[in-house]
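Got a sequence here, can you build the structure:
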Amino acid sequence: MNVIKPEDYVFDRRHIWHPYTSMSNPLPCYAVIAANGVKLYLDNDQYLIDGMSSWWAAIHGYNHPILNDAMCKQLKKMSHVMFGGITHLPAITLCRKLINITAKSLQTVFLADSGSVAVEVALKMALQYWQAKGEKRQYILALRHSYHGDTFAAMSVCDPQNSMHHLYPGYLKENLFATAPTLSRFKEGNAQENWDEQDISDFTTIITCYSNEIAAVIIEPIVQGAGGMRFYHPDYLKRVRKLCNQYQIILIADEIATGFGRSGKLFACEHAAIEPDILCLGKALTGGYMTLAATLTTRQIAETISLGEASCFMHGPTFMANPVACAVANANLDLLTQNHWQQQVQNIETHLWQALSPLKEQQIVADVRVLGAIGVVEMKEMINVAEVQRKFVAQGVWIRPFGKLIYLMPPYIIQPTQLQQLTDAIIAILKFIQDRTYSAYPIE
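This next block holds a predicted model:
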């Protein structure tokens, strides 16, 4: 067994920079020594039910025998080989599968390292496409409350005021941002709400005014993830696609968070029955086992780029198409079908809605939203993450709030009793918050 000693904790706290955490006053860290199914085992003989799927990626849970086997078999052949001038069966098989399950128009695949890099690749594709056509288009049109990653080009299409990237004024390229849809919600229970045409008015104005200067529109289909876990109406996505067609502008769909069933469709674009010109995938692509991403585009875009000044697409990550990552991704996609993900996600959605929707009535709650295997409780005030997370751990669950949001994105394989434990924990934490003065939380 892995034993983490007191001095290891001290070293971690002093020297290791965890994501979105201060080095002066870091958030608490909990040592995980093993994981299996939907359980994370701590070093104190406690286990936690995972409600996060390791940032939305581990859709089949942990230590899955099929995924383990795929990785072990590939390791015995080769762990890595450069993709420049070399190909291999795991990558060929994966790209064939991705082309078969995504939109028919998407016929070429670029394999990258991470979701953020997939977005970088998509933006570079769009810019190089217009350069090859002899046009200098300098803007990308995105939405307020959008989040597309932490690398520089990806940061430039995240909301400059309402995201963590507002800290970099002057360093990021300035792009265009349309008001995010708020008037037309996606679902209440399972009833479709009415579409309000005013939701698309700001987007329409911007794309009309700058149509000759916009290289691409980038959008998170249906679900705006880390920018606020906001769901919007499919008709908005339909209008965006129509306007991109009208002005012949590339549409990039960032499905890094929503891809592979999380929203209730295999890809969130399917809710609106639209096809993007470029599609970004990541997170659940390998079932949470390894970092891998893919950017798919049309043959027309790929050939236009290839006939341009550079005669190729100018990008090439060192670990592009890593064979082990591709092998586990192939097993993951097979497993997704074998586990009947549609029913798994539907069962999760039904439970989340029944358990969480009554919380709307609480005075401290601003909103409750459920879609597919996503459940969100939005508070009226900011959450004290350290204290609330400690309370969750004491209840045997792993739920990681941020901002004003307490949300769940559990692995698809979660059992009803385990899911009940997660939602019960949220109900209990809301009672705890309501029973005390919110601003008086101590941080221990």
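
T295 belongs to a helix?
No - with DSSP: H, G, I helix; E, B strand; the rest coil as the criterion, T295 is assigned strand and is not in a helix.

C-terminal to the lowest-mean-pLDDT helix or strand in the chain, what's the next element?
Ranked by mean pLDDT, DSSP states H and E, the weakest helix or strand in the chain is strand 191-192, scoring a mean of 56. Once the chain leaves strand 191-192, the next helix or strand it forms, by DSSP states H and E, is helix 201-209.

Which positions in that following helix come out as buried?
Burial within helix 201-209, assessed by neighbour count using 16 or more other CB atoms under 10 Å, is assigned to 202-204, 206-207. Every residue, glycine included, has its C-beta placed from N, CA and C.

who touches the helix or strand that comes right after it?
Read in the C-terminal direction, the helix or strand following helix 201-209 is strand 214-219, with elements assigned using DSSP H and E. Counting contacts by CB atoms under 8 Å, 6 or more residues apart in numbering, the residues outside strand 214-219 that touch it are 119, 122-123, 126-127, 129-130, 137-143, 146, 148, 157, 176, 207, 237, 240, 244, 247, 249-254, 277-278.

Give the partner strands of strand 214-219 in its sheet and their orientations.
Paired strands of strand 214-219, with direction, are strand 139-143 (parallel), strand 250-254 (parallel) (DSSP bridges).

Now find how far off-centre that strand is within its chain.
Offset of strand 214-219 from its chain centre (CA atoms, centre = their mean, to the nearest Å): 19 Å.

among the strands paired with strand 214-219, which is nearest L430?
Each of those was scored for nearness to L430 using CB to CB, and the closest is strand 139-143 (29.5 Å).

from the chain's centre, how far out does that closest one sit?
In terms of CA atoms, centre = their mean, the centre of strand 139-143 is set 19 Å apart from its chain centre.

ok, residues contacting it?
123, 126, 148, 156-159, 175-180, 203, 206-207, 210, 213-220, 224, 249.

again, but for stretch 296-313
Outside stretch 296-313, the residues touching it (CB under 8 Å, 6+ apart) are 98-99, 102, 105-110, 122, 124-125, 128-129, 131-133, 250, 277-279, 281.

Could you list the domains of this structure?
As given by automatic domain parsing, the domain ranges for the chain are 6-60+340-440, 67-338.

for the last one, the distance to its chain's centre please.
Spelled out, that is domain 67-338. Here the centre of domain 67-338 is set off from its chain's centre by 10 Å, with CA atoms, centre = their mean.

For that domain, measure first residue to last.
For domain 67-338, the first and last residues are 13 Å from each other (CA to CA, to the nearest Å).

which stretches of the stretch 151-300 of the chain have low pLDDT?
163-165, 187-192 (pLDDT under 70).

what about C72, distance to V328?
10 Å (CB to CB, to the nearest Å).

Tell me which of those two has more neighbours.
With other CB atoms under 10 Å as the criterion, C72 and V328 differ in neighbour count, and V328 comes out ahead with 29 against 12.

correct me, but the more buried one touches G288?
No - taking contacts as CB atoms under 8 Å, V328 lies outside contact range of G288: 9.6 Å.

re earlier: tell me which of the strands paired with strand 214-219 sits most buried.
Sort those by mean neighbour count, taking mean count of other CB atoms under 10 Å, and strand 250-254 sits at the top with a mean of 28.

outside of that one, which residues touch it?
The set of residues that contact strand 250-254 without belonging to it, under CB under 8 Å, 6+ apart, is 119, 122-123, 126, 129, 148, 215-221, 240-241, 244, 267-269, 276-280, 301.

Also stretch 340-352?
For stretch 340-352, contacts defined as CB under 8 Å, 6+ apart pick out 59, 260-262, 264, 266, 370-375, 408, 410, 412-414, 416, 419-420, 423.

Next, the buried residues of stretch 16-28.
Within stretch 16-28, the residues that qualify as buried are L27, counting by 16+ other CB under 10 Å.

now swap in stretch 124-134 and tell me
Residues of stretch 124-134 classed as buried by neighbour count (16+ other CB under 10 Å): 124-132.

Inside strands: which ones of the residues you listed?
With strands identified by DSSP state E, none of the entries of these belong to them.
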